[in-house]
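> the sequence and its predicted three-dimensional model are supplied below.
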Amino acid sequence: MRTEYLSILGGRVRTRRELLGFSQTTLARRAGVHPNVVGRLERGTYNPTVLKLLGIAGALRLPLRDLV
């Protein structure tokens, strides 16, 4: 169940990133994280901290509640 949630979260990040026309590198730079974090998050293999999620949500121009 936990890994399923991470996959759903990753899909939401990827969908929004692509909608905004951002590359993974652009999103990472705007969120203040390493590009590998974005790739792993989108694949559902990374369990981010709340602070990283806040940075990613901000870079995606979404409130955190819409991301999770």
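Received, thanks. Residues are numbered from 1 along each chain as shown.
> run through the chain and note the low-pLDDT ranges.
By pLDDT under 70, the low-scoring segments of the chain are 1.
> apply 80 and report the result again.
Scanning the chain for pLDDT under 80 picks out 1-2.
> residue closest to the middle of it?
Val13 (4.2 Å; C-alpha atoms, centre = their mean).
> what helix or strand is that one located in?
helix 2-20 (DSSP states H and E).
> only the C-alpha atoms, please, for the helix or strand that that helix is followed by, written as CSV.
Downstream of helix 2-20, the first helix or strand assigned by DSSP H and E is helix 24-31. Taking C-alpha atoms only, helix 24-31 is exported to CSV below (Å, rounded to 0.1, in the frame of the first residue of the first chain):
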residue,chain,number,x,y,z
GLN,A,24,13.0,17.3,-14.4
THR,A,25,16.0,19.5,-14.1
THR,A,26,14.0,22.7,-14.3
LEU,A,27,11.6,21.4,-11.6
ALA,A,28,14.5,20.3,-9.4
ARG,A,29,16.2,23.7,-9.7
ARG,A,30,13.0,25.5,-8.9
ALA,A,31,12.3,23.2,-5.9
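> list the contacts of helix 24-31.
Applying C-beta atoms under 8 Å, 6 or more residues apart in numbering, the contact partners of helix 24-31 are 13, 17, 22, 34-35, 37-39, 42, 52, 55-56, 58-60. No exception for glycine: its C-beta is placed from N, CA and C like everyone else's.
> try 10 Å
If you take C-beta atoms under 10 Å, 6 or more residues apart in numbering as the criterion, helix 24-31 is touched by 13-14, 16-17, 20, 22-23, 33-39, 41-42, 48, 52-61.
> show the contacting residues for the residue nearest to the centre of the chain.
Per C-beta under 10 Å, 6+ apart, neighbours of Val13: 24, 27, 31, 38, 41-42, 44, 48, 53, 56-57, 59-60, 62, 67.
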